[in-house]
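S.K.: Got a predicted structure plus its sequence, pasted below:
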Amino acid sequence: MPSYPLSVAVVCMSNMNRSMEAHRILRRKGFRVRSFGAGSRVRLPGRACNLPVVYNFSTTYEEMRKDLVRKDRQRYNSNGILHILGRNERIKPRPERFQECRDRFDVIFTCAESVYDRVVEELWVREQETFQPVHVINVDMADNAEDATLGSFIICELCERLQQADNLEDSLVQVLLAAERKTGQSFLHTVCFY
């Protein structure tokens, strides 16, 4: 069993729903966790599917919430966005972009294959300094409240099993295979290096 808490990152596209729900659950379980978005901007549902509300990553969750209340409190309350922003404010001040973080993690979970591709590509183009391995694992989940919670529980269970393992490198494949059997979901996995 590792003598230190697993260092975990969770990445979705906007650091808004899926990664923040996993951040909340993992933090409650005592993991060292950070969450990120891999997109160029934070995109929230707007008045039409093709017209999202867009913010820079430097915009705080509080600023987003106040802006959406001013624009249409009823719409953003009924679609759950104001609730999500309130939860996010209690976790950290603003969304963060994965590409701007240089911290090292034992495991990075992504919430969609397109995000997985961005994270792996980002890690491959960075100059390797320590050659410390990082495991990137995709746990695919739809971007809605229910699937974000269910996917976050899968990520949490994977973290708990990896934390209990004698050796992360030796145990990871068996942990993923057991989770695949249990959930019926397959997980993309790549090892990158810092």
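M.R.: Received, thanks.
S.K.: in what helix or strand does the residue lying farthest from the centre of the chain lie?
M.R.: Distance from the centre of the chain peaks at Arg70, with 28.2 Å (C-alpha atoms, centre = their mean). Assigned by DSSP states H and E, Arg70 falls within helix 61-78.
S.K.: Equivalent analysis for Leu176, please.
M.R.: Per DSSP H and E: helix 168-183 holds Leu176.
S.K.: follow-up on the earlier one: buried set for whichever helix or strand comes after the helix holding Arg70?
M.R.: Using DSSP H and E, the helix or strand that follows helix 61-78 in sequence is helix 81-91. In terms of neighbour count (16 or more other C-beta atoms under 10 Å), helix 81-91 has its buried residues at Ile81, Leu82, Ile84, Leu85, Asn88. For every residue, glycine as well, the C-beta is placed using N, CA and C.
S.K.: continuing past helix 81-91, what's the next helix or strand?
M.R.: Counting by DSSP H and E, what follows helix 81-91 is strand 107-110.
S.K.: For the following helix or strand past that following strand, name the packing helices and strands.
M.R.: Of the helices and strands lying after strand 107-110 in sequence (DSSP H and E), the nearest is helix 113-125. Applying 3 or more C-beta pairs under 8 Å, 6 or more residues apart in numbering; DSSP states H and E, one finds that helix 113-125 makes contact with strand 7-12, strand 107-110, strand 133-138, strand 188-193.
S.K.: Adding mean neighbour count, distance to Glu62 and mean pLDDT, write these out as CSV.
M.R.: Output for the helices and strands packed on helix 113-125, formatted as CSV (neighbours: other C-beta atoms under 10 Å; distance: least, C-beta to C-beta, whole Å; pLDDT from 0 to 100):
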stretch, mean neighbour count, distance to Glu62, mean pLDDT
strand 7-12, 26, 20, 98
strand 107-110, 27, 26, 98
strand 133-138, 19, 31, 97
strand 188-193, 15, 34, 96
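S.K.: what's the domain layout of the protein?
M.R.: Following the TED database, one gets these domains for the chain: 7-39+97-193, 42-91.
S.K.: follow-up on the earlier one: packing partners of the helix holding Arg70?
M.R.: Using 3+ C-beta pairs under 8 Å, 6+ apart, the elements in contact with helix 61-78 are strand 42-48, strand 51-55, helix 81-91.
S.K.: which other residues reach it?
M.R.: Identification of contacts with helix 61-78 by C-beta atoms under 8 Å, 6 or more residues apart in numbering yields 42, 44, 47, 53, 55, 81-83, 85-86, 88-89, 92-95.
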